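Student: One predicted model, sequence on top.
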Amino acid sequence: MLTSKLVAAAALVTSLALGTLAFAQNGAPAATPPVAPAAAPAKAPATAAAMEYAIFHTNKGDIVIELDHAKAPISAANFARYITDGFYDGTVFHRVMAGFVIQGGGFDEAGVQKKTKDPISNEWQNGLKNNRGTLSMARTADPNSATSQFFVNLKDNAALDMARGGAAYAVFGKVIAGMEVVDVIAAVKCVPKGGREVSSPVEAIVVSKAEIITKEAADKLVAAAPKTPAPAAPTAPAAPAAGK
C-alpha cells in the first residue's frame, strides 16, 4: 500500500512537470517558444512591502491573492510584473485536475501560448509548502524554467514539496478570498488534450483582468468573502502515468 502511494505521488509530480508544455485547445501540440537561459536571481526592491495583493477577475468570480515578497521575492516580483504588464488579461485556466491543481497564466482563449519574459530561479527552499490554496510556479523538468504559468493547489500536495530532478515547486503566495471560485473552476467538465494527461476545461475559464490592489481593498474583500471549507478528497484520484 505504501509503495503504491509513493508511485502515485511520483506520477503526480511528473505530470505537473509537463504543465508548462504547450497544448493547443484543439488537442494538437502547439509550438513552444524558445526558452532563454535562467535569468540571474532578481532582488525585491528594498522598499517593497513584505506582502502584496492582487485580484483575478474571472468569468466564475473573483480570486484575491496575497504575494509573499519576504519568502519568495523572485517569484512574487515576477508574478506582479506580469500582472502590471496586463499579461494575464484574457488568459485562461487551461489545465484542471480535480483534487490536485488548477493551472493558468500561459494561453489565451484561442489556445495560443503567449510570449513570456525570461525564466526565473527556483525558490522552492523558502519554507512555504504546497498546501491547499497556495500558488506555485509551474515549470518544465528544468527547475529554473518557470516564466508566467502558475497553479493553485486544491489540497495539501506534499509530493510537490519533494525535490525531484534537483528541486521541488516554489510557492510564492496564497488565495485569501475566492477559494470557492477556485473550487468551482476545479469542478468544471474537462477533456484530455494534446495526447497527454492534461485535463482541459470544455468551457473557457477566462481571466478578464488581473490587477494589483491595496491591502485595505484586500482586507475588505476577505471580510466579505464566504468561509470555504476544504472539499472532501476524491475517493479514487486519477494519477496520470508518467510519460503519457
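Tutor: Cool, got the structure.
Student: give me every residue that touches the spatially most central residue of the chain.
Tutor: By CA atoms, centre = their mean, the chain has its centre lying nearest to Phe151, at 1.3 Å. Residues near Phe151 by CB atoms under 8 Å, 6 or more residues apart in numbering: 16, 19, 95, 101-104, 135-136, 138. C-betas here are computed from N, CA, C, even on glycine.
Student: got CSV for those residues, with pLDDT too?
Tutor: As requested, the contacts of Phe151 are exported to CSV (pLDDT from 0 to 100):
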residue, pLDDT
Leu16, 51
Gly19, 48
Arg95, 95
Val101, 97
Ile102, 98
Gln103, 97
Gly104, 98
Leu135, 98
Ser136, 98
Ala138, 98
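Student: one step back: can you classify the residue nearest to the centre of the chain as helix, strand or coil?
Tutor: Phe151 falls in the strand class when you classify it by DSSP: H, G, I helix; E, B strand; the rest coil.
Student: ok, now how distant is it from Met51?
Tutor: From Phe151 across to Met51, the span is 20 Å (CB to CB, to the nearest Å).
Student: Going along the chain, name the strands of this structure.
Tutor: 51-58, 61-68, 91-97, 101-108, 134-137, 150-153, 171-177, 190-192, 199-201, 207-213 (DSSP state E).
Student: Which one of those strands lies nearest to Ile120?
Tutor: strand 134-137 (7.4 Å; CB to CB).
Student: Can you list the strands that the closest one pairs with?
Tutor: strand 150-153 (antiparallel), strand 171-177 (antiparallel) (DSSP bridges).
Student: And the pLDDT at the nearest residue to Ala50 once chain neighbours are set aside?
Tutor: Excluding its sequence neighbours, the residue lying closest to Ala50 (CB to CB, 6 or more residues apart in numbering) is Ala70, at 4.0 Å. pLDDT recorded at Ala70 is 97.
Student: rewinding a little: so for Lys193, which of the strands paired with strand 134-137 sits nearest?
Tutor: Closest among those, using CB to CB: strand 150-153, at 16.1 Å.
Student: Flag every buried residue along the closest one.
Tutor: Residues 150-153 are the ones in strand 150-153 that count as buried (16 or more other CB atoms under 10 Å).
Student: In a markdown table, list those along with pLDDT and distance to Ala218.
Tutor: Compiled in a markdown table, the buried residues of strand 150-153 are given as follows (pLDDT from 0 to 100; distance: CB to CB, whole Å):
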| residue | pLDDT | distance to Ala218 |
| --- | --- | --- |
| Phe150 | 98 | 18 |
| Phe151 | 98 | 21 |
| Val152 | 98 | 17 |
| Asn153 | 98 | 20 |
